[in-house]
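**Student:** sequence first, then the predicted structure:
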Amino acid sequence: MADQKTITIAIMDAPYESGRSTTTLRLIDLAAKRGYNINVFAYEGAVLQPFAAQKPHPNAVHGRDVEQENHFIPKDAIAALMREAEKNGGKIDWVNCGLCVDERGAVDAIPGVRRGSPADFWTLSEASDNTLVIATR
Amino acid sequence: MPRYLLIESRDPFDSNDTGFCRDLATQLAAANNEVTLFLVQNGVLPARSGTRSGELTKLAGAGVRVLADSFSLKERGIDESRLATGIAAAPLDVVLDALAEGAKVIWH
């Protein structure tokens, strides 16, 4: 792909806590649809975004079971984005900060997520066409 | 000409530091850079014609392209026809285009 780009995105937000997570996934989705290579460096609480133990739940207050609730699960969205990128000739390289993982007990991530360090963020950024840091407040 | 895309995700009704992006955009435009301010999430709230939209209209008058994420507008029930003068709705693709084209992209 002649115009294939590589973009690196750093995120720090844990799932379900900020609109920044949604915007990040929207950006990755757009890039995946374009067949770009996307590097994600997840720092701090963001290492929980692809946490494998996430589970959908029912909503007793609204009387909905698990299927009816159809709760959004970030790890499933990330897995779908990885498949979308590959389908379009790109790849998502998701790196979880190792120390952040250990602090949070978030070792069990979905396939395709690897452990790294801030040094990897530098390496990924250096090898990219551009980098966006989506910082917390 | 150097290109900058500043992304404002905060709204002035909740955060007292939204002047950061406006000031930076103003200075960059005055220094003959191509500058876009992209409003996203609650950052789109002052795009409605109202008490705080004047700052954005003024920014547009200073040569900054001011855009509001169409998805964030829809999430908040803001019709594009209610946007203040100088502000246009745009898809999030604007951010990815800027990244792909090598612009300096700053998130706030």
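**Tutor:** Done, it's in. Numbering: from 1, shown residues only, chains lettered A, B, ... in the order given.
**Student:** going forward, measure contacts between C-alpha atoms and count neighbours the same way
**Tutor:** Will do.
**Student:** can you classify residue A:86 as helix, strand or coil?
**Tutor:** Counting by DSSP: H, G, I helix; E, B strand; the rest coil, the backbone at residue A:86 sits in helix.
**Student:** phi, psi for the closest residue to residue B:50 other than its chain neighbours please.
**Tutor:** Of all residues not flanking residue B:50 in the chain, residue B:84 sits nearest, at 7.6 Å (C-alpha to C-alpha, 6 or more residues apart in numbering or on different chains). Taking degrees, to the nearest 10, you get phi -70, psi 160 for the backbone angles of residue B:84.
**Student:** which ones are touching residue B:84?
**Tutor:** Residue B:84 sits next to B:47, B:48, B:49, B:50, B:53, B:54, B:57 when contact means C-alpha atoms under 8 Å, 6 or more residues apart in numbering or on different chains.
**Student:** from chain A, how far off is it?
**Tutor:** 23 Å (C-alpha to the nearest C-alpha, to the nearest Å).
**Student:** so, low pLDDT: which residues of chain A?
**Tutor:** Applying pLDDT under 70 to chain A picks out residues A:1-2.
**Student:** try 80
**Tutor:** Within chain A, the ranges that satisfy pLDDT under 80 run A:1-2, A:137.
**Student:** quick check: residues of it near chain B?
**Tutor:** With C-alpha under 8 Å from any C-alpha of the partner chain as the criterion, chain A meets chain B at residues A:5-7, A:19-20, A:23, A:26-27, A:30-31, A:129-135.
**Student:** show me what residue B:6 is bridged to.
**Tutor:** residue B:37, residue B:106 (DSSP bridges).
**Student:** what number of residues lie near it?
**Tutor:** Residue crowding around residue B:6 was assessed by other C-alpha atoms under 10 Å in any protein chain shown; the count is 21.
**Student:** and residue A:94, by the same measure?
**Tutor:** Neighbours of residue A:94 (other C-alpha under 10 Å): 24.
**Student:** hmm, back to that, dump the contacts of residue B:84 to TSV, plus pLDDT and distance to residue A:81.
**Tutor:** Shown next, in TSV, are those (pLDDT from 0 to 100; distance: C-alpha to C-alpha, whole Å):
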residue	pLDDT	distance to residue A:81
B:47	97	31
B:48	96	33
B:49	94	36
B:50	92	38
B:53	95	36
B:54	95	39
B:57	97	37
